[in-house]
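Enquirer: this one's structure only:
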């Protein structure tokens with residue numbers, strides 16, 4: 001079975017599916033009352049993990065009606081249990097969706113530590 005067929009049918013054949021190194025300690029959670037560079041944003045979905053070298057990594061995804069004009073700044077917000085998380089982030093991607101609502105998915109990559117995590 002070739003790789004394309006395996007992906008299309010949902011059957012992964014043998015070794016070689018994962019290339020590179022695996023991450024560890026991955027967590028996904030919601031962040032509320034989010035701000036980026038002082039601008040209020042809707043809630044974010046956060047992903048935090050350790051890379052193959054044990055370094056902490058994080059990113060945030062926000063669905064909003066406007067694009068970010070700022071390329072980097074402080075991202076902060078509140079977890080469901082009341083903790084405040086903050087850290088320097090870079091805008092890695094912005095994708096404008098189709099249709100009348102024209103929502104934009106903004107992906108932020110953490111640059112350094114996520115304080116409070």
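Expert: Nice, thanks for sending it over. What you are looking at is a predicted structure, and each value in this text was computed from that prediction instead of being measured.
Enquirer: confirm residue 34 sits in a strand?
Expert: Yes. Residue 34: assigned to a strand according to DSSP: H, G, I helix; E, B strand; the rest coil.
Enquirer: distance of it from residue 114?
Expert: 13 Å (CB to CB, to the nearest Å). The way it works is simple: take the backbone N, C-alpha and C, and place the C-beta from them, glycine included.
Enquirer: tell me where the chain has helices.
Expert: 3-9 (DSSP state H).
Enquirer: tally of neighbours for the closest residue to residue 34 other than its chain neighbours?
Expert: In this structure, residue 34 finds its nearest non-sequential neighbour in residue 77, 3.9 Å apart by CB to CB, 6 or more residues apart in numbering. Residue 77 has 22 neighbours, counted by other CB atoms under 10 Å.
Enquirer: mind listing what's buried in stretch 83-99?
Expert: For stretch 83-99, the neighbour count (16 or more other CB atoms under 10 Å) marks 85, 87, 88, 89, 91 as buried.
Enquirer: and the nearest residue to the first one once chain neighbours are set aside, what does it touch?
Expert: It stands for residue 85. Nearest in space to residue 85, with sequence neighbours left out and distances taken as CB to CB, 6+ apart, is residue 116 at 4.4 Å. Residues near residue 116 by CB atoms under 8 Å, 6 or more residues apart in numbering: 83, 84, 85, 86.
Enquirer: pLDDT score for residue 116?
Expert: If you check residue 116, the pLDDT there is 95.
Enquirer: this completes my enquiry, with thanks.
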